[in-house]
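In: Turn this into a model:
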Amino acid sequence: MIGKLSEELKDAILETMPLEITVIDENDKIVAWNKHETRIFKREKELIGKNVLECHPEHVRDKVSQLLKDMKEGKKDAHIAYSMGPDKQKVKVGYYALRKDGKYIGALEWNHTEEKE
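Out: Numbers count the residues shown, from 1 in each chain. Now for the predicted structure:
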């Protein structure tokens with residue numbers, strides 16, 4: 001990032017983006033997420049520090065696990081994992097590897113729905 005952002009601005013940006021994000025550390029533990037009250041996929045605060053696979057349905061855990069493994073091994077840095085449709089609304093879910101000086105330090109999971117006008 002070029003420039004400096006205050007914590008207040010960082011928080012405002014994360015809560016304003018039209019994306020749900022979940023931050024996962026290098027050990028696949030959930031460390032944070034945004035928009036708790038308005039999330040498509042509700043999460044209990046007790047999930048902080050737990051393995052990210054614990055908040056995924058059984059039928060996608062292998063896929064998510066493989067994505068994380070591929071990112072750790074440097075095979076992928078970004079991947080749209082799947083779309084699904086609660087209430088017939090498409091939800092896109094994707095992952096980005098988080099790296100510092102080329103070293104994998106975690107992943108960003110994002111969820112997005114089309115905004116209704």
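In: Give the buried residues for the helix ranked longest in the chain.
Out: Ranked by residue count and defined by DSSP state H, the top helix of the chain is helix 58-72. Of all the residues in helix 58-72, those buried under the rule 16 or more other CB atoms under 10 Å are 64, 67-68, 71. Using the backbone N, CA and C atoms, a C-beta is placed for each residue, glycine as well.
In: got it, and stretch 44-60?
Out: Going by neighbour count (16+ other CB under 10 Å), the buried part of stretch 44-60 is 52, 55-56.
In: In TSV: those, plus secondary structure and pLDDT.
Out: Below are the buried residues of stretch 44-60 laid out as TSV (DSSP: H, G, I helix; E, B strand; the rest coil; pLDDT from 0 to 100):
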residue	secondary structure	pLDDT
52	helix	94
55	helix	85
56	coil	85
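In: Would you format the residues you listed as JSON lines with distance to residue 43 included?
Out: Formatted as JSON lines, those follow (distance: CB to CB, whole Å):
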{"residue": "52", "distance to residue 43": "10"}
{"residue": "55", "distance to residue 43": "6"}
{"residue": "56", "distance to residue 43": "11"}
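In: how deep is the closest residue to residue 34 other than its chain neighbours tucked in, by neighbour count?
Out: Using CB to CB, 6 or more residues apart in numbering and skipping the chain neighbours, the partner closest in space to residue 34 is residue 14 (4.5 Å). By other CB atoms under 10 Å, 15 other residues sit near residue 14.
In: now do the one 3 residues further on
Out: By other CB under 10 Å, the residues close to residue 17 number 13.
In: likewise residue 20?
Out: Neighbourhood size, residue 20 [other CB under 10 Å]: 21.
In: Enumerate every residue touching it.
Out: Taking CB atoms under 8 Å, 6 or more residues apart in numbering, we find residue 20 in contact with 33-35, 39-41, 110-112.
In: Now with 6 Å, please.
Out: 35, 39, 111 (CB atoms under 6 Å, 6 or more residues apart in numbering).
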